[in-house]
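In: Can you look at this prediction? I've put the sequence above it.
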Amino acid sequence: MRSDIVFEKIETIRLTNPKRYEALIKEGMSYEQGECREADKKTTTLKSLEESHFSKDAAYSSISKAVLEGRKADVVRQTKDMISKGKDPVDLVSNALMPGIQVQCEMYDQGNAYVPEILMSNAAMLGGIELCQEKLGDIPMKGKVISFVAEGDLHDIGKNIVAAIMRANGYQVVDMGRDVPASKVAETAEKEKVHMVCGSTLMSTTKPGLVETAKLLEKKLPKVPVACGGAAVSEHFVGTFDNAIYTKSPLITVNTANEVIKGKKWKDFR
Ligand code: B12
């Protein structure tokens, strides 16, 4: 877009919607101050990453290590064993399965792991998550949500974790996958009669997909807000548009859904 057109648009926002203008400026400032930058990240060794992410419990860290090394059969065997010993499936997802993929992603980010390794770790983690979900199968349902990744974005590891934790907490999750256009989300939300939509994105370029989804839903289903998360999403960004709630982590999303079901509106979270 030509810069004079951009400035004209910004000026229109300043005059017609000062609150949105202020939120946009704040988001820009936080970016400038480095809040959203990856560049400052220190290079960390595998050993120190494992130390900071893995549980002190040897059985849990052994599952994390198997996820990290993409050993799906070992993940499945060890997760089954933990479940049969009565371990809480939600605890297993958060503290045994998730740390493995987190370390792998940090390694990839530093250039010390490659795409196939990420995909193998993801498959191994999903093997464990599936077992945890089976175990939780008979929880009474509290509500229904959609989970999706914004159009153009293929990053779905975080979205899968969020979906698993939502299910573990009594939500039926209609998982629409990744690279999903706003119109499809709105269509499905209407058809499935959901209480809330959980949208994520990890890239700056695909953030507009969340804005569009929130806007479309506001027109079609005004009671259904979009809980927005994922590494590219900040509270400042979510503050720049309506019908959306910033939910930083999977557990915050669960608590937010609990409140939405009780009747809280997106404005009550701002
Ligand atoms: C893994 C990864 C990939 C994998 C994705 C595999 C997959 N199936 O997801 C692959 C290798 C395919 C990939 C591809 C690309 N990637 Co990539 N990728 C990453 C990486 C290393 C990790 C992301 C991840 O999964 N983290 C682990 C999960 C668990 O964390 P998470 O997603 O943040 O989720 C947590 C929270 O955010 C939250 N959350 C997540 N989703 C949601 C949803 C809701 C509703 C809520 C409430 C919470 C929530 O809960 C989760 C658990 O705590 C990041 C760098 C990084 N460290 O973040 C880059 C990164 C996201 N990738 C990036 C880029 C640029 C790309 C490519 C364009 C690279 C390229 N040149 O080809 C392509 C994009 C293709 C596309 N169209 O999408 C950039 C994005 C930059 C930006 N800000 O725009 C990053 C930040 C790397 C970087 N430093 O530049 N990538």
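Out: Structure received.

In: Can you find the helix or strand of this protein with the lowest average pLDDT?
Out: For the chain, using mean pLDDT, DSSP states H and E, the weakest element among its helices and strands is helix 18-32, scoring a mean of 66.

In: which residues touch the spatially closest residue to R71 that is not a sequence neighbour?
Out: Closest residue to R71 apart from its sequence neighbours, by Cβ to Cβ, 6 or more residues apart in numbering: A124 at 6.2 Å. The C-beta positions use only the backbone N, C-alpha and C, and glycine is treated the same way. Neighbouring residues of A124 by Cβ atoms under 8 Å, 6 or more residues apart in numbering: A66, V67, E69, G70, R71, K72, D74, V75, G100.

In: out of those, which one sits closest to the ligand?
Out: G100 (10.3 Å; Cβ to the nearest ligand atom).

In: burial measure for the closest residue in space to that closest one that isn't next to it in sequence, as a count.
Out: Spatial nearest neighbour of G100, chain neighbours left out: V67 (2.6 Å); criterion: Cβ to Cβ, 6+ apart. The tally of other residues near V67 (other Cβ atoms under 10 Å) stands at 31.

In: Mind listing what's buried along whatever helix or strand V67 lives in?
Out: Using DSSP states H and E, V67 sits within helix 58-68. By neighbour count on 16 or more other Cβ atoms under 10 Å, the buried set for helix 58-68 is Y60, S61, S62, I63, S64, K65, A66, V67, L68.

In: relative to helix 58-68, how tilted is the helix or strand following it?
Out: Of the helices and strands lying after helix 58-68 in sequence (DSSP H and E), the nearest is helix 72-84. On the basis of axes from the mean of the first three to the mean of the last three Cα atoms, to 10 degrees, helix 72-84 is oriented at 150 degrees to helix 58-68.

In: Quick one: mean pLDDT for helix 72-84?
Out: What helix 72-84 shows for mean pLDDT is 97.

In: Mind listing residues that contact that helix?
Out: 59-60, 62-63, 66-67, 89, 92, 96-97, 120, 123-125, 127-128, 131-132, 135.

In: buried ones in that helix?
Out: K72, D74, V75, V76, Q78, T79, M82, I83.

In: Residue numbers of this structure in contact with the ligand?
Out: Contact residues, the chain versus the ligand (Cβ under 6 Å from any ligand atom): 38, 101-102, 105, 108-109, 115, 118, 122, 152-159, 161-162, 198-200, 202-205, 227, 229-232, 247, 249-250, 253.
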